[in-house]
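Participant: Turn this into a model:
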Amino acid sequence: MNKNFNISIERAYDIIKKPITTEKSTNLQQFNQYSFVVSKNSNSLEIKKAVEMIFKVKVTKVNTSILRGKGKTFKGQYGFRKDTKRAIVTLNEGNTIDSSLEIK
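Facilitator: Numbering: from 1, shown residues only. This is a model prediction of the structure:
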């Protein structure tokens, strides 16, 4: 991996869409892990740089998963919700992200 890999602040805000605030993701915070909905075309290295840039923390590890959209019926028509990509970001010891998690 390229150590000098950089992204712009605009790209960082495009990558990190919103935090996930479920019961499971809240429980992960005690292990210094935070969950985000991220851009489908981003990779783990870009996600790491974006989180470090936006929240000014040191990231240890990034795990990603793509969730397939559920099948739904709407007004008699069957369709699918959009697929989403999620990232679970592990931070170094001593680093935390404020619980109010605000992304512009």
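Participant: So which residues of this protein form strands?
Facilitator: 16-19, 33-38, 59-67, 71-74, 77-80, 84-91 (DSSP state E).
Participant: TSV for the ones you listed, including distance to Glu10?
Facilitator: Placement of C-beta: from N, CA and C, glycine included. Rendered in TSV, the data for the strands of the chain read as follows (distance: least, CB to CB, whole Å):
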stretch	distance to Glu10
strand 16-19	12
strand 33-38	15
strand 59-67	20
strand 71-74	33
strand 77-80	30
strand 84-91	19
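Participant: among those, which is nearest Lys48?
Facilitator: strand 59-67 (4.6 Å; CB to CB).
Participant: quick one: which of the strands of the chain is nearest Ser44?
Facilitator: The nearest among those, by CB to CB, is strand 59-67 at 4.3 Å.
Participant: if we can go back for a sec, would you list the strands of the chain in CSV and tack on mean neighbour count, distance to Lys49 and mean pLDDT?
Facilitator: Formatted as CSV, the strands of the chain follow (neighbours: other CB atoms under 10 Å; distance: least, CB to CB, whole Å; pLDDT from 0 to 100):
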stretch, mean neighbour count, distance to Lys49, mean pLDDT
strand 16-19, 16, 10, 94
strand 33-38, 21, 12, 95
strand 59-67, 14, 8, 95
strand 71-74, 8, 35, 93
strand 77-80, 9, 31, 94
strand 84-91, 19, 11, 95
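Participant: Now do the contacts for the nearest residue to Gly79 once chain neighbours are set aside.
Facilitator: Nearest residue to Gly79 in three dimensions, chain neighbours excluded: Lys72, at 6.2 Å (CB to CB, 6 or more residues apart in numbering). Each residue near Lys72 by CB atoms under 8 Å, 6 or more residues apart in numbering is listed here: 78-81.
Participant: contacting residues around the residue lying closest to Ile88 once chain neighbours are set aside?
Facilitator: Once flanking residues are discounted, Ile88 sits nearest to Asn63: 4.6 Å by CB to CB, 6+ apart. Contacts for Asn63 (CB under 8 Å, 6+ apart) come out as 44, 87-88, 90.
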